Each structure stands twice: as C-alpha cells, then as structure tokens.
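Novice: here are the coordinates; sequence isn't available:
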Ligand code: GLP
C-alpha cells in the first residue's frame, strides 16, 4: 500500500536539515528557476543555516530562484522586527544571493486584506505554481497559519490566531505575547496542497503527538496537517524525538 505522507526519520535536527538542504540544492541545480514555498518558525532555522553554508561554499546559486512564504502577521509593516519578512531577511535572504524581487511575502500592512490575498494567489499562479513547499507544524497541527477549526479555507486568506500560536510566536516580539498581532494572512490548504511536492519538517519531542496523528489519524479540520494524507508527493522529515510515537510500520 502506498502511504501518504511518507516518513523519513533522522538521528537529529541537524541531519534533517542537511538532507533537505541537499534536496533543495539538487532541485536548484536541475532547475535554476525553481519556485520554493518557505516556512518560518524555529524548526527551519537549521535548514536556512545549512542552505546559507552551501551557498557560501559555492554549491547553490539562488540568483534565479523564486520564493513564496506561507504566511505573515497582519497589522504590522513588513519592516517591523517581528514580521516574517524581517525573519526571512535575517535568517536566509540576507545570507544568500537571492534576488529580493523574487522573494514574495504577503504584505501585512495592506489596507485591503482580501485584495492582498488575491494578489498573492495570482503571483503564485504567474510564477507557474510552487514546485517544492516546505512546511513546519504548530503543536496544535496548524500549517502556515491554517489553525484547527470546524472549516478550513482553501485559498490565501485572513486568519485570527489562536492563543497558543500567539504564545509560540512571542519570541519574535521580545517575548511579549500581548504584542503578537491577533491576525495574520496565510496561504490556504488548497494553495499548499497544489504545490507539486511538499516536505513537512518536525523536530523535537513537543511535536511527537501531532506527528503521530498526522500519520495515523483521520483527515480532520481539527488537525490541518492531516490533509497532507491527500497529497501525492508529501514527506514528513523528522528527528527521532518527533518520531517517537510512530511505530516502525506506521
Ligand atoms: C508559526 C508559523 C508556522 C510554523 C509554526 C511552528 O506559527 N506560522 O508556519 O510551522 O510557527 O513553529 P516552530 O517551528 O517554531 O515550532
């Protein structure tokens, strides 16, 4: 039986990052104009460090690569130090030779959120769609900012963040949860599932319970990442602590 998503377990988070960075490097070598979907959060930091290292070593040329980030806080300017635009500049874009004009993020200061979401959908389409979408996962099973809810949105949309999500993003706002915006703009589930390949990164013991449900549980809007079971080319890249609740055959 072909199971989706596939599961790949590595000894530690550094090994996960090395393996995915190699995959990204190979994909860019095969197609220098690759379109990548990118996440924020603590989990992808090791990947961005490894990609930056490979670039410095002359092994990846990002000059023609296009990127689309999954999400952005709503109600703050893009140059706010807590914005995902700032996060990406600090941890990745500022460390490689990517063309800033090819790095796309939602504009959290747009007056008309609906128009901004539509613009983003069109930009992804105009770029030919996302070839490889990399995801993190919230401990409540959210991907991007698609929070557990009775219904999920298919396309890029405005969201109200859950208290636990605002708490886990507090570090970007000097540790002050009350300063984390209450809303965000996020790719929808359909936007994410339309990527030709999807990799979900999860490392550390706090992710083990929801990883187990993503692999073995039913598809439910209560766990947005469970929709990856419907994707024909999705893989979970895990370290051992995040995989601890999976049996070898699950
Ligand atoms: C944020 C992002 C998600 C990310 C999640 C997990 O809420 N919007 O895209 O997956 O954080 O973050 P971490 O990797 O720090 O656990």
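Specialist: Yep, it's here. A quick note: this is a predicted structure, and the numbers were derived from the prediction, not measured. Numbering: from 1, shown residues only.

Novice: and the lowest-mean-pLDDT helix or strand in the chain, what does it pack against?
Specialist: Taking mean pLDDT, DSSP states H and E as the measure, the helix or strand of the chain with the lowest value is helix 163-168, at a mean of 92. Counting contacts by 3 or more C-beta pairs under 8 Å, 6 or more residues apart in numbering; DSSP states H and E, helix 163-168 packs against no other helix or strand. Any C-beta I mention is one placed from the backbone N, CA and C, and that applies to glycine too.

Novice: and the lengthiest helix in the chain, is it in reach of the ligand?
Specialist: With secondary structure taken from DSSP state H, the chain has its longest helix at helix 13-30. No - using C-beta under 6 Å from any ligand atom, helix 13-30 never reaches the ligand; the gap is at least 10.5 Å.

Novice: tell me how far that helix lies from the chain's centre.
Specialist: Here the centre of helix 13-30 is set off from its chain's centre by 15 Å, with C-alpha atoms, centre = their mean, to the nearest Å.

Novice: give me the contact list for the least confident helix or strand of the chain.
Specialist: 138, 139, 140, 142, 145, 147, 177, 180, 182 (C-beta atoms under 8 Å, 6 or more residues apart in numbering).

Novice: is the second one in a helix, a strand, or coil?
Specialist: When you say that, I think you mean residue 139. At residue 139 the chain is in coil, as set by DSSP: H, G, I helix; E, B strand; the rest coil.

Novice: you'd agree it is up against residue 207?
Specialist: Yes - with contacts counted by C-beta atoms under 8 Å, residue 139 reaches residue 207, the gap being 6.5 Å.

Novice: give the contact list for residue 84.
Specialist: Residue 84 touches 40, 69, 71, 72, 73, 105, counting by C-beta under 8 Å, 6+ apart.

Novice: low pLDDT regions in this structure?
Specialist: 1-2, 248-250 (pLDDT under 70).

Novice: if you set the cut-off to 90 instead, what comes out?
Specialist: 1-4, 247-250 (pLDDT under 90).

Novice: now do the phi/psi pair for the closest residue to residue 39 other than its chain neighbours.
Specialist: In space, and not counting its chain neighbours, residue 39 is closest to residue 136: 4.4 Å by C-beta to C-beta, 6 or more residues apart in numbering. For residue 136, the backbone dihedrals (degrees, to the nearest 10) come out as phi -100, psi -170.

Novice: next, the buried residues of stretch 187-200.
Specialist: By neighbour count on 16 or more other C-beta atoms under 10 Å, the buried set for stretch 187-200 is 187, 188, 189, 191, 192, 193, 194, 195, 197, 198, 199, 200.

Novice: turn the residues you listed into JSON lines, columns for secondary structure and distance to residue 154.
Specialist: Output for the buried residues of stretch 187-200, formatted as JSON lines (DSSP: H, G, I helix; E, B strand; the rest coil; distance: C-beta to C-beta, whole Å):
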{"residue": "187", "secondary structure": "coil", "distance to residue 154": "10"}
{"residue": "188", "secondary structure": "coil", "distance to residue 154": "5"}
{"residue": "189", "secondary structure": "helix", "distance to residue 154": "6"}
{"residue": "191", "secondary structure": "helix", "distance to residue 154": "7"}
{"residue": "192", "secondary structure": "helix", "distance to residue 154": "10"}
{"residue": "193", "secondary structure": "helix", "distance to residue 154": "9"}
{"residue": "194", "secondary structure": "coil", "distance to residue 154": "10"}
{"residue": "195", "secondary structure": "coil", "distance to residue 154": "14"}
{"residue": "197", "secondary structure": "strand", "distance to residue 154": "19"}
{"residue": "198", "secondary structure": "strand", "distance to residue 154": "16"}
{"residue": "199", "secondary structure": "strand", "distance to residue 154": "21"}
{"residue": "200", "secondary structure": "strand", "distance to residue 154": "19"}
